[in-house]
Structure formats: C-alpha cells, structure tokens
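Asker: Have a look at this prediction, sequence included:
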Amino acid sequence: MKSLKKLNKYFFRYKFKIILGIIFILFSNAAQVYIPILLKDSIDALKENISLDLIIKYAILIVAVAIVGGVFRFLIRTTIIIVSRKIEFDLRSDLWEHIQKLPTKFFQNNSTGNLMAHATNDISAVRMYIGPAVMYSIDTVSKFIIVIVIMISLNPMLTLYTLIPLPLLSYFVYKLSKKIHTRFTLIQEKFSELTTKAQESFSGIRVVKSYVREENEIKHFTKLSNDYLLRNMEKVKIQAWFMPMLFMITGISVIIVVWIGGSMVIEKTMTLGEIMAFVAYLGLLIWPVIAFGWVLNIIQQAEASMKRLMKIFSEKDDIYESSEINDSIAQIDGKIEFKNVSFKYGQNNNEVLKNISLEINKGETVAIIGHTGSGKTSLINLIPRLFDTTSGELLIDGNNVKEIPKEVLRKNIGLVAQETFLFSDTLLNNIGYGLEVIDNKVIENVAEISQLKKDLDSFKAGYETILGERGITLSGGQKQRTSLARALAINPKILILDDSFSAVDTNTEEEILTKLKEFMQNRTSIIISHRISTVKNADKIIVLENGVIAEQGTHDELVELNGIYADLFTKQLLEEELKEIE
C-alpha cells in the first residue's frame, strides 16, 4: 500500500467533493438499512391487523425510502466517480509531463511500448482504485457497521452466530489477494512486451514487408499474446475462487439465521417481523462481504500498477536538476569551447570521446568528419546537453553549458539529427514545430533556403499537405530538407547538421549550402558529413578518429597533410571519376 499513498496529494486536491460523496454514501446507506425496519414493522403490524390501508402505507414508505436511497446513490457517482476520472486525468498529465522532461538516456533504456503500457493500462488500473475501490470501501465499511449495530440491537446472540464464518472469509481473502498482486505484476510486464512488439512492427512495417517477414511477425506476436493470455488465466483461476467461496460462506450465515432464528420464532423469543428484518439485514451484509473481496482484488492490481508508475516518477532529470543553473543568462551568441572533454555512455562503458579541446568562434562554420563510430554525433549531442560531459568543460560564450537554462540553450540551437523524424501532421506544422506562433513569411524563407519550396507543386495541398506517420509520404531527401527548414525556422544562433544531406543529391546540396552561408552569417554552424564536397568550404575541418581529434585545419591544409582526410578525399574523387566513366 506504500505506492498507493502517493495518490494522497490527488485526493487532497478534490477533498471537498470526496467529503460530499462520503456524506451521500452515509445518507444512501441510512435509507437502505431503514427498509428492513419498515419491513419488520409492517409484518408485525399486519400480523395483528391485516388491512389494505396498512399495506398501502408501508408500501408507499418502502418505495419512498428506496427512491431517496437511489437518488443519493446517483449523487455518489456524480461526486466520487467523477473525481476518480479527474484524478486519472491529472495522473496521466503528470506522467506525460514528467516523461517529457526526462533525459535522452532514459528513452534509450525504456521501450516505447513499455511507456505506452504505463500511460494506458497501469493508469486505468489505478483509476479503478481511485473510484470504485474507494467508493465501495467506504460504502461497504459504513454499511457493515450500521447493519451489525442494528442486528445486535435486534438479537445479540443470533448476530454472534451469524458472524462466526467471517474470520474464515478474512483469512481466505488475505491469502488470495497476495497471489493476485504477484500475478497482476507479471501480467502488466507481459502487456508491456506485447505493446512494444506491436509498436515496433507498425513502425517498421516497410522493413517487415520488404523482407517478407509477415508470417514471422504473426508467429512472434501470437506467442507473446499466448503468454499474456496464460498469465491472465493464472490470475482468473485465483479470482474464480473468490465469488464461490464468498457466496458459500455468506450462505452458511443465512442457514444459521434461518435455523436458529426460526427456532427463536417458534419459541416466541423473536417476532416474525424481527426474523424477516434479520434475514434482510443479512442480505445487505452479503454485498459488503462480496464487495470487500472485489475491492481487495482491485487494490492489489492498483498497487502493482502504481509501483510500476512510481519507477517512472522516480527517474530524475540529472542534467537539468542542478543548482549550477544561472537564470541571469537570457541569450547566447554562439561561441563554443571544448576544454579537455571526455564522454562515455554509462559508467561501465568505454570512452567515446577523449580529451577533446576545440574552439569554435561565433560566425564560424566548422565541419566534423571521420569514420563511422569515431564519436562525431556524440560530440555534437553535448552542445544542447542531450548528454553531459563525463569530464572536462564545455563552454558557450564563456559560460559552462551546465549554467545555461535549458530553455535558453535549446531555443538557440537548431539541430538536424542524423535520423530525421517528422510528425503525422501538416507540412506547415512540421516546419513551424519550434515556433510559438507560425509566421508564414518565416516558413516561406526557410523553405526557400532548404530547397523545399520547389517541391511544393508536387504536394496537392501545399503546406497543408498531411504527412504520414514519420513523414512516410515524403522521399528521404524531402524529409531531410523539411527537418532542416524546421531547424532554421527558430532562427538559431547555433546550427548543427548531423549528416543531414545524405539523401540529397549533390546539386541540391550545393544550392542549400550556398543559401545557408548567407542565412548563417554571424551565426555558428557545425556540419557533420561523410562527403568531402559538403565540408570542403568550411572555415575549419575537424577529423575525429577513435574519439580524439586526429587532424584539424582547412581543406587545403588537410589535403597537404596527407593524412586521414587526404585519404578520404582521394577515395571520394576516385569514386566520382568511376561514376563518370559508367
């Protein structure tokens, strides 16, 4: 129950409605338990004198009390159940907001399907505790107490006999609840695997179809579905014991009442009306006892789900939750300096960057080149603090990057990642994604620079064209140019292009670079590419090899050095010559 205590802050938020709901529960139960008293009085009165007036009188009273109880039952649902939906909304919103703020490494260690399961299945299980479980807990406990008190007032001895089976029921419920908790945790874990597999298959459907792996995917998904089914069946088998045992034990109580109570009526130590009221009260006790088991079942499931949610909430943004942040920094100009920077992904991994020292002045265009795995992407990911340096210092405008507020830092950096991602939205909204208010002039300008504007004629609805999931309706080059336009639209002081022209032909690339040179005047540009043609006009070229700066200089200087860069240049020239011969 420790995890469920975390919900107390949400309950406190809606405390007045919950208190009102509890009052409605008490009024509803008061009306409900008054009906057997009317039943007792009517039977005893009619035993003395049967008359139509008495029948009508008590019938009207019983119906009126039942209506009052029904009205209050309706009001319970308009308070407590509505509160449960609002808390569900708040919890889901808080989870979403928390996940959005978590660092990049969190998403490397948690699959999309697993996070989807938390946001859907787990929160739904918790809501069942917030609404029905809380409502029926208060309802059953209050009703149980009221009914027991009235039964004792009618006949203490018979009440004692009636309650004899209940300790057995409590022990039985306690044992099964522990097993349900364990089984439900396993079910939620398997559900996460199932949603992960579904998400990956849908996202990678083109790969699945290209390699004709549909049958394999069906088999794999069927196996996971069967595992999920089996775990659910294990829980269902345990739950299957609940109702039969509850009815059996409450049935024993009914037998005791009829047997011993009937004898008391015969011996005239109880009236017929009292024994009828006693049986009615016992009937009212059956639901609280049954609901008690059902509520415990819900609570165990909610506890298991809440534990899983709390693991997410316990994750911290270790990058920006720092006392080093200097809120007085309101803008950046673009000078970047690496001072003996080293970096590795996790404590147990090898360093991917080693003692990098590099200065990039404001307005410079710096190119980074190197073989695959040399650390190029890792280096530029440190600038917007997608990751933090393991050692050394990264400075922007002389300020340690750890001191710059996240909003200031990232709003001034336009990053076009190696793997393009577009939303299933209009082309206009994808380009203007980083803007608070979309400005059509800005959109037109960045579309011109990225050479995307010349493709607008091929889009039926122009900027209002809906792109498919991940921009599936666009070509590879169009995706990269849309991502570039999106980065330029925020008017960045630092532009980082991570192999962003790999799917663009060389002529279009040349046009983009020409336009970019004008746009990025007095701004800092960092370009990562495998093409020498892309980087040769940069103010400075950095060659990375195994996480260290192996060479740096201008294109001409590096060619004269006759090292790694010169070797890459020679090979690419040869490739171009061979293509021309073909």
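Answerer: Perfect, thanks for sending it. Numbering: from 1, shown residues only.

Asker: so where do the strands sit in the stretch 251-400 of the chain?
Answerer: 336-344, 351-360, 365-370, 391-396, 399-400 (DSSP state E, counting those that start in this stretch).

Asker: Could you find the residue nearest the spatial middle of this protein?
Answerer: residue 119 (3.6 Å; C-alpha atoms, centre = their mean).

Asker: any idea how far that residue lies from residue 332?
Answerer: Shown here: residue 119 relative to residue 332, a distance of 35 Å by C-beta to C-beta, to the nearest Å. (C-beta placed from N, C-alpha, C; glycine too.)

Asker: So, low pLDDT: which residues of the stretch 301-450 of the chain?
Answerer: Filtered on pLDDT under 70, the stretch 301-450 of the chain yields the residue ranges 318-323.

Asker: Equivalent analysis for the stretch 101-250 of the chain, please.
Answerer: Ranges of the stretch 101-250 of the chain meeting pLDDT under 70: 113, 167, 170, 173-174, 177-178, 181, 203-204, 206-207, 209-211, 243.

Asker: Let me see the domain layout of the protein.
Answerer: Using automatic domain parsing, the domain parsing of the chain gives 3-191+233-313, 332-412+496-577, 420-491.

Asker: Mind putting these into JSON lines with distance to residue 200?
Answerer: What follows is the domains of the chain, written out as JSON lines (distance: least, C-beta to C-beta, whole Å):
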{"stretch": "domain 3-191+233-313", "distance to residue 200": "7"}
{"stretch": "domain 332-412+496-577", "distance to residue 200": "22"}
{"stretch": "domain 420-491", "distance to residue 200": "13"}
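
Asker: what's near enough to touch the residue nearest to the centre of the chain?
Answerer: Taking C-beta atoms under 8 Å, 6 or more residues apart in numbering as the criterion, residue 119 is in contact with 92, 95-96.

Asker: possible to save the residues you listed as TSV with secondary structure and distance to residue 445?
Answerer: Below are the contacts of residue 119 laid out as TSV (DSSP: H, G, I helix; E, B strand; the rest coil; distance: C-beta to C-beta, whole Å):
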residue	secondary structure	distance to residue 445
92	helix	39
95	helix	38
96	helix	33
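
Asker: Would you mind listing which of these are buried?
Answerer: By neighbour count, with 16 or more other C-beta atoms under 10 Å, the contacts of residue 119 hold 92, 95 as buried.

Asker: ok so, going back, so which of the domains of the chain is nearest residue 215?
Answerer: Closest of the domains of the chain to residue 215 is domain 3-191+233-313, at 21.3 Å (criterion: C-beta to C-beta).

Asker: just how off-centre is stretch 473-480 within its chain?
Answerer: The chain centroid and the centroid of stretch 473-480 are separated by 29 Å under C-alpha atoms, centre = their mean, to the nearest Å.

Asker: Contacts for that stretch, please.
Answerer: With contact meaning C-beta under 8 Å, 6+ apart, stretch 473-480 is reached by 416, 420, 422, 452, 455, 465-467, 471, 482, 500-505, 508.

Asker: how about stretch 220-229 as PDB, C-alpha atoms only?
Answerer: C-alpha atoms of stretch 220-229 as PDB (Å, rounded to 0.1, in the frame of the first residue of the first chain):
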ATOM      1  CA  HIS A 220       6.100 -13.900 -32.700                       C
ATOM      2  CA  PHE A 221       3.100 -11.700 -31.800                       C
ATOM      3  CA  THR A 222       0.900 -14.800 -31.300                       C
ATOM      4  CA  LYS A 223       3.500 -16.300 -28.900                       C
ATOM      5  CA  LEU A 224       3.500 -13.000 -26.800                       C
ATOM      6  CA  SER A 225      -0.300 -12.900 -26.900                       C
ATOM      7  CA  ASN A 226      -0.500 -16.500 -25.700                       C
ATOM      8  CA  ASP A 227       2.000 -15.700 -22.900                       C
ATOM      9  CA  TYR A 228      -0.200 -12.700 -21.900                       C
ATOM     10  CA  LEU A 229      -3.300 -15.000 -22.100                       C
END
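
Asker: buried stuff in stretch 117-137?
Answerer: Neighbour-count burial for stretch 117-137, counted by 16+ other C-beta under 10 Å, picks out 117-119, 121-123, 125-137.

Asker: Next, residue 526: secondary structure please.
Answerer: On the three-state scheme (DSSP: H, G, I helix; E, B strand; the rest coil), residue 526 is labelled strand.

Asker: Quickly list what the closest residue to it other than its chain neighbours is bridged to.
Answerer: In this structure, residue 526 finds its nearest non-sequential neighbour in residue 496, 4.8 Å apart by C-beta to C-beta, 6 or more residues apart in numbering. Beta-bridge pairing for residue 496 (DSSP bridges): residue 415, residue 526.

Asker: Against residue 355, how distant is residue 496?
Answerer: Remark: distance between residue 496 and residue 355 (C-beta to C-beta) = 22 Å.

Asker: and these two? which has more neighbours close in?
Answerer: For residue 496 versus residue 355, neighbours defined as other C-beta atoms under 10 Å are more numerous around residue 496 (24 against 15).

Asker: so how far is residue 252 from that one?
Answerer: In terms of C-beta to C-beta, residue 496 sits 75 Å off from residue 252.

Asker: ok, now residue 493?
Answerer: Distance check for residue 493 against residue 252: by C-beta to C-beta, it reads 79 Å.

Asker: likewise residue 116?
Answerer: Per C-beta to C-beta, residue 116 is found 46 Å from residue 252.

Asker: Likewise for residue 23?
Answerer: The gap separating residue 23 from residue 252 is 35 Å, by C-beta to C-beta.

Asker: neighbour count winner among residue 493 and residue 252?
Answerer: residue 493 (21 against 16).

Asker: Might one say that the more buried one is in contact with residue 410?
Answerer: No - with contact defined as C-beta atoms under 8 Å, residue 493 does not count as touching residue 410 (11.3 Å).

Asker: Helices of the stretch 401-550 of the chain, residue ranges please.
Answerer: Secondary structure of the stretch 401-550 of the chain by DSSP state H, counting those that start in this stretch: the helices cover 406-411, 427-431, 440-449, 476-489, 506-519, 532-535.

Asker: Great, nothing more from me.
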